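**Student:** Sequence and predicted structure, then a few things I'm wondering about:
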Amino acid sequence: MLNKLFGMSKLNGRVFLGIIGVILLYFISYTNFALFHFIIEIICIIIGFSIYIITKNTHKVSQNNYFIFLGVCFIVISIFDLLHVMTYDSIRIFSWSSQNLSVQFRTAASVIQSIAFLIFSILLYRRERPVKIIYLVSCIFIFSTVIFLCIYFNIVPIFFENGRGSTLFKKIIELIICLTYADCIKLLNSKKVRGYENIAILLAWAAAIFILSELSYTLYTGPSDLINITGHIFKLLAYHLIYKAIIKTTLENPYNVLFYRLTEINSSLEIKTRQLMKFNKKLNDEIQERKIIEEKLINSKKNYQELLDFLPYAIVAHSDGKIVYVNNATLRLFKFNEYKDVLYKEILEFVPEKYCELVKTRMNAVYRREILDTVEMQLLKSSGELIDVETKAVPYMYKNKLASLVIIGDISQRKKAEEKEKALKEAIEYDRIKNEFMANISHELRTPLNVIFGAVQLIDYYSDNNSLCDNKRSISKYSKSMKQNCYRMLRLVNNLIDLTKIDSGFLKLNLQNYNIISVIEDITMSVAEYIESKHIDIEFDTEIEEKYIACDADMIERIVLNLLSNAVKFTPEGGKIWVNVYDKNDYVILSVRDSGIGIPEDKKELIFDRFRQVDKSFARNTEGSGIGLNLVKSIVELHGGKVWVESKYGKGSEFFVKIPVITVPCDEIAVTMDIPQGKVERIHIEFSDIYS
């Protein structure tokens, strides 16, 4: 209540002083108009300069460039008002001063003032659209300079005539000025002037009073007329309202906002201070608790260290490839006496060369925070002796840096036990294979002997009964069976003799330079009729027609016949066999592919072992000792080559023989001689275990 009363008393006091001031100015105007005119104009000039100074020095606080534009305009207006005062009749500082010139400067100031006021009102009206004030200020300066030059060089018409007052031209200009101020009032009363409503009201009142002032300037006939005096007082009142609006916008409002913000910040700081005190108390409690935890941690670390030293496994921590921690078990495992002998050494110093890449890969993986599976490898003791170990590595933080913790277990004893177990299994397997081989050989020998013996007994029976001629057809059949079984026995004996020679190193190749394509094609074509009689198609193809290499033609023949014999055994009627030769420049590859039953995946590695067969329960007219493919492998290796198989069970198999292209010094190229009888006999021998 007291604040309201105090505010009302201040307002009443200002109104009272204002009325006293107006009365005093009227009194001065009647006693000395020149003094009245001088006082009014000087006060307005001071206010104009003050507006510029205030807007310039406070625009960073008010954060509004529109008001500094108005301040700059009032500098220009004040300069023209000053020229108006200095050219007035009662003062006449300049020799070219005149009443008309003074009125011209005053009218020019009014024109610039109305234009500046209109632009300022538009800026407030459209303030969401940024405008570069410097452009507007430049335009005002240019416009003002043009007006000044026009007045100075007496280009502007007469504005005032003694005894008649303002001229028609001046009245028209004053009317335009009034209309400009009317537009300003309309813009300032718009709802779009948001945030500046209170200031807009003051500026709108100032514009209205400027209209009254300008109308007064058009109606007087003499300088000391009451209407002219009233116009000057209106001008002073309008300047006062503009000054008040500027003060309110650039000083009072921003600093009130600043004061309010400072008050808010102060309150916030007080709240934060209280929170900080609580946090500080909590922090002190946590520090005490942390000290207790640190003591427990130190004790725990000692217990942890003792536990690690007690463990039977070697534990190694390394960072950037250097060892940073080991336990006692590590010293014992690697035969070191002290920790300093192993700490900060490169981890790769304890890794054999063949495991270096593996260890580097695992180290990088752990440094990427990956946990690795256990792996078996070998490490080096301090003496350089190799030791079998298994290791597992996990990421580990060492002194705030990523490291690797490796657990190492000694598996030397286990390895030795595994080797002994493996040797035992191999011995048992060898004994089993040997027994199986003996049983197989016994079967291979006994079966043809039984057939031959039975046939001989039957022939003897026919001979004793003098019925040889009557049973000639049967005797021929038994004779053929005896011959085939003799071939079987001969094949088995030949294979055993050759394997024995190979094992003892007595089998030597008769190397000559042959056209390997011709050799393989002749062998294939020689058995083509026999294979087709089994209702199996055979096809031979080659990439080249000639390729001379050093080889033993007889041995190559045995390789091809053996592979073809195998293909016929395991290819049913209606199947097909393909024989291909590929030229690879430095070597040739023989391929024998069939559409037979194929080989199981787990048996492919066994078929080249001696005395091994893929299937021992054949329910077909084929048999074998299990040494044919082993003999093929041995002969190919004697030639410096390699043999392997690719197969899909149920879809057929493909055998590959790779022989290097080399030649031996020789005057002539060896030519394979067609010896029909010998070749036929070899075919019968190799195909003897395929029954008709």
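**Tutor:** Alright, I've got the coordinates.
**Student:** May I see the buried residues of stretch 126-143?
**Tutor:** Of all the residues in stretch 126-143, those buried under the rule 16 or more other C-beta atoms under 10 Å are 127, 133, 136, 137, 140, 143. For glycine as for every other residue, the C-beta is placed from the backbone atoms N, C-alpha and C.
**Student:** Export those residues as CSV, with columns for distance to residue 28 and secondary structure.
**Tutor:** Formatted as CSV, these follow (distance: C-beta to C-beta, whole Å; DSSP: H, G, I helix; E, B strand; the rest coil):
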residue, distance to residue 28, secondary structure
127, 42, coil
133, 39, helix
136, 38, helix
137, 36, helix
140, 33, helix
143, 35, helix
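**Student:** okay, the residue minimising distance to the centre of the chain: pLDDT?
**Tutor:** For the chain, residue 368 is the residue whose C-alpha lies nearest the centre (C-alpha atoms, centre = their mean; 15.6 Å). Looking at residue 368, its pLDDT is 78.
**Student:** same deal with residue 652?
**Tutor:** So, for residue 652, pLDDT stands at 90.
**Student:** now swap in the one 4 residues further on and tell me
**Tutor:** In the predicted model, residue 656 carries a pLDDT score of 95.
**Student:** so which of the buried residues of stretch 126-143 comes closest to residue 655?
**Tutor:** residue 127 (93.8 Å; C-beta to C-beta).
**Student:** The lengthiest strand in the chain - which strands sit beside it in the sheet, and in what orientation?
**Tutor:** When the chain is parsed with DSSP state E, its longest strand is strand 386-398. Here strand 386-398 is paired, per DSSP bridges, with strand 375-380 (antiparallel), strand 401-410 (antiparallel).
**Student:** Tell me how this structure divides into domains.
**Tutor:** The record, using automatic domain parsing to delimit domains, assigns the chain the ranges 9-264, 311-410, 416-499, 508-686.
**Student:** Worst mean pLDDT among the ones you listed?
**Tutor:** For the domains of the chain, where the average pLDDT is lowest is domain 416-499, sitting at a mean of 68.
**Student:** for stretch 382-392, which positions count as buried?
**Tutor:** Neighbour counts over stretch 382-392 (16+ other C-beta under 10 Å) mark 387, 388, 389, 390, 391, 392 as buried.
**Student:** Quickly list what residue 380 is bridged to.
**Tutor:** Here residue 380, judged by DSSP bridges, has bridge partners residue 386.
**Student:** Just list the residues touching it, thanks.
**Tutor:** Residues near residue 380 by C-beta atoms under 8 Å, 6 or more residues apart in numbering: 349, 350, 351, 352, 386, 387.
**Student:** That one and residue 318: what is the separation?
**Tutor:** 15 Å (C-beta to C-beta, to the nearest Å).
**Student:** Could you do residue 544 as well?
**Tutor:** Taken as C-beta to C-beta, the span from residue 544 to residue 318 is 58 Å.
**Student:** quick one: which of these two has more around it?
**Tutor:** residue 318 (24 against 12; other C-beta atoms under 10 Å).
**Student:** how about the more buried one, phi and psi?
**Tutor:** Main-chain torsions, residue 318, degrees, to the nearest 10: phi -140, psi 150.
**Student:** ok, now how distant is the closest residue to it other than its chain neighbours from residue 379?
**Tutor:** Computed as C-beta to C-beta, 6 or more residues apart in numbering, the closest residue to residue 318 that is not its neighbour in sequence is residue 347, at 4.8 Å. The gap separating residue 347 from residue 379 is 10 Å, by C-beta to C-beta.
**Student:** ditto for residue 48
**Tutor:** In terms of C-beta to C-beta, residue 48 sits 95 Å off from residue 379.
**Student:** do the same with residue 189
**Tutor:** Residue 189 is 94 Å from residue 379, where distance means C-beta to C-beta.
**Student:** which of these two has more neighbours?
**Tutor:** Taking other C-beta under 10 Å, residue 189 and residue 379 do not tie; residue 379 has more neighbours (21 against 13).
**Student:** The more buried one reaches residue 389, doesn't it?
**Tutor:** Yes. Using C-beta atoms under 8 Å, residue 379 is in contact with residue 389, at 5.4 Å.
**Student:** joint contacts of these two?
**Tutor:** residue 408.
**Student:** Just to be sure, residue 88 is in a helix?
**Tutor:** No. Applying DSSP: H, G, I helix; E, B strand; the rest coil, one finds residue 88 to be coil, outside a helix.
**Student:** Any chance of the backbone angles for the nearest residue to it once chain neighbours are set aside?
**Tutor:** Nearest in space to residue 88, with sequence neighbours left out and distances taken as C-beta to C-beta, 6+ apart, is residue 102 at 4.7 Å. Phi and psi for residue 102, reported as degrees, to the nearest 10, are phi -60, psi -40.
**Student:** Could you tell me how many residues sit around residue 102?
**Tutor:** Neighbours of residue 102 using other C-beta under 10 Å come to 24.
**Student:** any idea how far it lies from residue 109?
**Tutor:** In terms of C-beta to C-beta, residue 102 sits 11 Å off from residue 109.
**Student:** and for those two, which residues touch both?
**Tutor:** residue 84.
**Student:** Do a quick rundown of the strands in the chain.
**Tutor:** Going by DSSP E, the chain shows strands at 160-161, 165-166, 314-319, 322-326, 375-380, 386-398, 401-410, 512-515, 537-542, 548-551, 576-583, 587-594, 642-648, 652-660.
**Student:** mind exporting the longest one as PDB, just the C-alpha atoms?
**Tutor:** Okay, so that is strand 386-398. This file holds the C-alpha atoms of strand 386-398, laid out as PDB (Å, rounded to 0.1, in the frame of the first residue of the first chain):
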ATOM      1  CA  LEU A 386      61.100 -77.400 -25.400                       C
ATOM      2  CA  ILE A 387      58.100 -78.100 -23.100                       C
ATOM      3  CA  ASP A 388      54.600 -79.100 -24.100                       C
ATOM      4  CA  VAL A 389      51.900 -76.800 -22.600                       C
ATOM      5  CA  GLU A 390      48.300 -75.800 -22.900                       C
ATOM      6  CA  THR A 391      47.400 -72.100 -22.600                       C
ATOM      7  CA  LYS A 392      44.300 -70.000 -22.200                       C
ATOM      8  CA  ALA A 393      44.400 -66.200 -22.400                       C
ATOM      9  CA  VAL A 394      41.900 -63.600 -21.200                       C
ATOM     10  CA  PRO A 395      41.800 -59.700 -21.200                       C
ATOM     11  CA  TYR A 396      43.300 -58.200 -18.000                       C
ATOM     12  CA  MET A 397      43.800 -54.600 -16.800                       C
ATOM     13  CA  TYR A 398      47.300 -53.800 -15.500                       C
END
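**Student:** Quick one: work out the angle between that strand and strand 322-326.
**Tutor:** Angle of strand 386-398 versus strand 322-326, following axes from the mean of the first three to the mean of the last three C-alpha atoms, to 10 degrees, is 90 degrees.
**Student:** between strand 386-398 and strand 314-319, how big is the angle?
**Tutor:** For strand 386-398 against strand 314-319, the angle by the same axes, to 10 degrees is 50 degrees.
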